[in-house]
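Asker: missing the sequence, but the structure's below:
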């Protein structure tokens with residue numbers, strides 16, 4: 001599934017990284033605990049989170065996440081958006097809560113990170 005498709009499914013707004021919307025996302029991870037993201041997220045994955053600080057960008061960079069969606073209408077500070085732009089990490093925001101965002105993506109066939117390695 002591409003980020004462009006995810007944008008439509010989640011009725012999301014692109015904050016930065018419009019040029020990366022054709023990236024292919026294989027998995028999604030929803031978490032507000034960065035330690036869980038580090039432990040369980042996989043490459044080619046998308047992170048859905050309510051955290052908006054710069055550590056989210058640094059974490060995404062460390063594990064090669066292909067994008068971040070902020071749930072519940074959250075918007076990061078300008079400095080966080082600038083860091084994401086510098087690192088080539090697209091940021092989107094959706095008014096939907098975490099549960100519904102993850103559910104919509106799962107129903108459309110996007111696997112969770114726990115399914116990594118199982119007939120992707």
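Answerer: Everything's here; your move. Since the structure is predicted, the reported quantities are computational estimates derived from the model, not experimental observations.
Asker: in the lowest-mean-pLDDT helix or strand in the chain, which of the residues would be classed as buried?
Answerer: One helix or strand of the chain scores below all others by mean pLDDT, DSSP states H and E: helix 34-40, with a mean of 88. Residues of helix 34-40 classed as buried: 34, 37, 40 (neighbour count, 16 or more other C-beta atoms under 10 Å). Every residue, glycine included, has its C-beta placed from N, CA and C.
Asker: repeat for stretch 17-25
Answerer: Buried-residue list, stretch 17-25, by 16+ other C-beta under 10 Å: 17, 20-21, 23, 25.
Asker: quick one: terminal-to-terminal distance for stretch 70-79?
Answerer: 15 Å (C-alpha to C-alpha, to the nearest Å).
Asker: can you classify residue 42 as helix, strand or coil?
Answerer: Put simply, residue 42 is coil when judged by DSSP: H, G, I helix; E, B strand; the rest coil.
Asker: residues contacting it?
Answerer: For residue 42, the contact set (C-beta atoms under 8 Å, 6 or more residues apart in numbering) comprises 26-27, 29, 63, 113, 116.
Asker: are any of these buried, and which?
Answerer: Looks like the contacts of residue 42 have 26-27, 29, 63, 113, 116 buried, using 16+ other C-beta under 10 Å.
Asker: could you identify the most distant pair in these?
Answerer: Using C-beta to C-beta, the buried ones among the contacts of residue 42 span at most 13.4 Å, a distance reached by 26 and 63.
Asker: now the common contact residues for the two.
Answerer: In contact with both residue 26 and residue 63: 42, 45, using C-beta under 8 Å, 6+ apart.
Asker: which parts of this protein are strands?
Answerer: For the chain, applying DSSP state E gives strands covering 13-16, 27-30, 45-49, 67-70, 91-93, 111-112.
Asker: for residue 21, report the pLDDT, please.
Answerer: For residue 21, the model assigns a pLDDT of 98.
Asker: list the contacts of it.
Answerer: By C-beta under 8 Å, 6+ apart, the neighbours of residue 21 are 2-4, 7, 14, 90.
Asker: point out where the protein drops to low pLDDT.
Answerer: 115-120 (pLDDT under 70).
Asker: if anything else comes up later, I'll come back, but that's it for now.
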